[in-house]
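*Asks:* I need the structure of the sequence given here:
(one chain, ligands or ions: 2)
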Amino acid sequence: MQIFAHRGYSSKYPENTLAAFQAAAKLDITGVELDVHLTKDRELVVIHDEKINRTSNGKGFVKDMTLKELRKFDFGSWFHKNFRGEKIPTLAEVLDLFKDTHHKINIELKSDKLIYPGLEEMVLKEVENFRLKDRVIISSFDHEAVKRMVGLAPDIESAPLFSYSILNMKWYRTLFPAKALHVAYRAVARRPVLEAIKAGIPVRVYTINNKEQVEVLRHLGVEGIFTDCPEEMNEMLKQP
Ligand code: G3P
Ligand code: CA
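*Replies:* Ligands and ions are numbered 1, 2, ... in the order given. Here you go, the predicted structure:
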């Protein structure tokens, strides 16, 4: 089963920081997952929330700050004092880290409430700069963004994201030729997901941090998981 370090090695390092991605890069796992937003000066930065409040010592929306302003904040101390001074990374910095490894990189386009015009084109350009098209998976809860990415780069693996509430067959069918399906654990037993597995479409599930859930997913034939504990899950999956 494929293992993706969710937001980097986020159980032991502050999520979506270079420290979390460097730690994940040392592991023999399938890849990493990360989230991108756009700054006020249209730089691609790696962070989960649209605001910096939860994961830094600052406050406010990413979209209202320039990269220079964002770099002043500490994105490590909220997690542990050992990570004091950790900066918000750009997408380029994270891609650079993985350019010579074997890892896949799942870039989640974040536009849950905000719209970032041109986000898909910018991400694609960065991926092409690093010649990583064959190792990147683009996903989003914004299915229009997935469709735009499929239109721009049909050869890149793309995956709509579904949580239980929005999962339905109609959307699922309109999203082909998205090449994979990423779903919440609670959605995994729903009919469209089971049909996708049966049809051989790669289904990956978030966020899996315990053995019991892994067993259920193995049984169902799920292709991969996103986990905050990649090392632990890797050890576990090596056992027969
Ligand atoms: O891509 C899987 C997962 O990361 C989606 O949820 O909220 O952790 O970005 P979230
Ligand atoms: Ca994510």
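*Asks:* how far off centre is stretch 8-24?
*Replies:* The gap between the average C-alpha position of stretch 8-24 and the chain average comes to 13 Å, counting by Cα atoms, centre = their mean, to the nearest Å.
*Asks:* look up how far Arg190 lies from Phe130.
*Replies:* Taking Cβ to Cβ, to the nearest Å as the measure, Phe130 falls 36 Å from Arg190. C-beta coordinates here come from the backbone N, C-alpha and C atoms, glycine included.
*Asks:* sorry, wrong one. I was asking about Pro117.
*Replies:* Here the distance between Pro117 and Arg190 works out to 32 Å (Cβ to Cβ).
*Asks:* which residue of these two possesses the greater neighbour count?
*Replies:* Between Pro117 and Arg190, counted using other Cβ atoms under 10 Å, Arg190 has the larger neighbour count: 17 against 10.
*Asks:* pLDDT at the more buried one, what is it?
*Replies:* Among the per-residue scores, Arg190 shows a pLDDT of 87.
*Asks:* just the helices in this protein please.
*Replies:* 18-25, 67-71, 91-98, 119-129, 143-152, 169-174, 191-198, 211-220, 230-238 (DSSP state H).
*Asks:* contacts only, for the one residue in the chain that gets nearest to ligand 2.
*Replies:* Using Cβ to the ion, the point where the chain gets nearest to ligand 2 is Glu108, with a distance of 4.0 Å. Contacts for Glu108 (Cβ atoms under 8 Å, 6 or more residues apart in numbering) come out as Glu33, Leu34, Asp35, Val36, Ser139, Ser140, Leu161.
*Asks:* are any of the residues you listed buried, and which?
*Replies:* With neighbours counted by 16 or more other Cβ atoms under 10 Å, the contacts of Glu108 contain buried members at Glu33, Leu34, Asp35, Val36, Ser139, Ser140, Leu161.
*Asks:* least confident secondary structure element in the protein?
*Replies:* helix 169-174 (a mean of 69; mean pLDDT, DSSP states H and E).
*Asks:* so which of the helices of the chain is nearest His48?
*Replies:* helix 18-25 (11.4 Å; Cβ to Cβ).
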